[in-house]
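Asks: sharing a model that was predicted from the sequence below.
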Amino acid sequence: MAVTNPLRTFVDKVNQYPQWLSARLMTWMFRYKVKLAGTTGIEVLHTDGKTATYRQKNSRKAQNHIGSVHAAAMALLAESCTGFIVGINLPGDKLPLIKCMNLNYVKRATGDMTAVASLTDEQIALMQTSEKGEVSVKVLVTDATGIEPVECEMIWAWVVKR
């Protein structure tokens, strides 16, 4: 029997509130747990359990020397979004670990960045039933103009907590 996941319990609870409130509560919780996300200003916009949507505003703390979102902040955005969706779908006795991040910066970013990560039903079932394993999490990172300045592949693994 799978152990209850406290993160999933929290997400299910706050998703019963109005959208604006649930987004704020998830953002607050995420920034509290992931300090660098708070520093750069990453926001949780929405999650339904199979997808998660995050935003990185083009704020001064997250900018590079040319005034766009820094490459490291884009990587943090993609890693945070995929890690969150993996984290809420694992049983409570499993620990998610980033195994590999492949990022190809293909265009210059303009304005705020948005990341949308998703898992398939098969990936979720694998995470629920396997002691350990790994999944490649699909994530689409776009800028304010709708282009994809960075192509990302995030591979997440999980192991039993000790």
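Replies: In hand now; what should we look at?
Asks: okay, now the unreliable bits of the protein?
Replies: 1-2 (pLDDT under 70).
Asks: report the buried residues of stretch 61-74.
Replies: Neighbour counts over stretch 61-74 (16 or more other CB atoms under 10 Å) mark Ala62, Ser68, Val69, His70, Ala73, Met74 as buried. (Glycine included, C-beta is placed from N, CA and C.)
Asks: what is the end-to-end distance of it?
Replies: When the termini of stretch 61-74 are compared using CA to CA, to the nearest Å, they are 13 Å apart.
Asks: give me the distance from that stretch to the chain's centre.
Replies: In terms of CA atoms, centre = their mean, to the nearest Å, the centre of stretch 61-74 is found 18 Å from the chain centre.
Asks: quick one: residues in contact with that stretch.
Replies: With CB atoms under 8 Å, 6 or more residues apart in numbering as the test, stretch 61-74 has contacts from 39-41, 56, 58, 77, 103, 105, 108-113, 141, 143, 149-150.
Asks: isn't Thr51 right up against Ile85?
Replies: Yes - using CB atoms under 8 Å, Thr51 is in contact with Ile85, at 6.9 Å.
Asks: which neighbours do the two have in common?
Replies: Joint contacts of Thr51 and Ile85 (CB under 8 Å, 6+ apart) are Ala117, Ser118, Leu119.
Asks: ok, so of those residues, who is nearest Met127?
Replies: Closest approach between the shared contacts of Thr51 and Ile85 and Met127, by CB to CB: Leu119, at 7.9 Å.
Asks: so which of Thr51 and Ile85 has more stuff around it?
Replies: Legend: neighbour count by other CB atoms under 10 Å for Thr51 and Ile85, higher for Ile85 (29 against 14).
Asks: need the contact list for that one.
Replies: Thr47, Lys50, Thr51, Ala52, Ala117, Ser118, Leu119, Val137.
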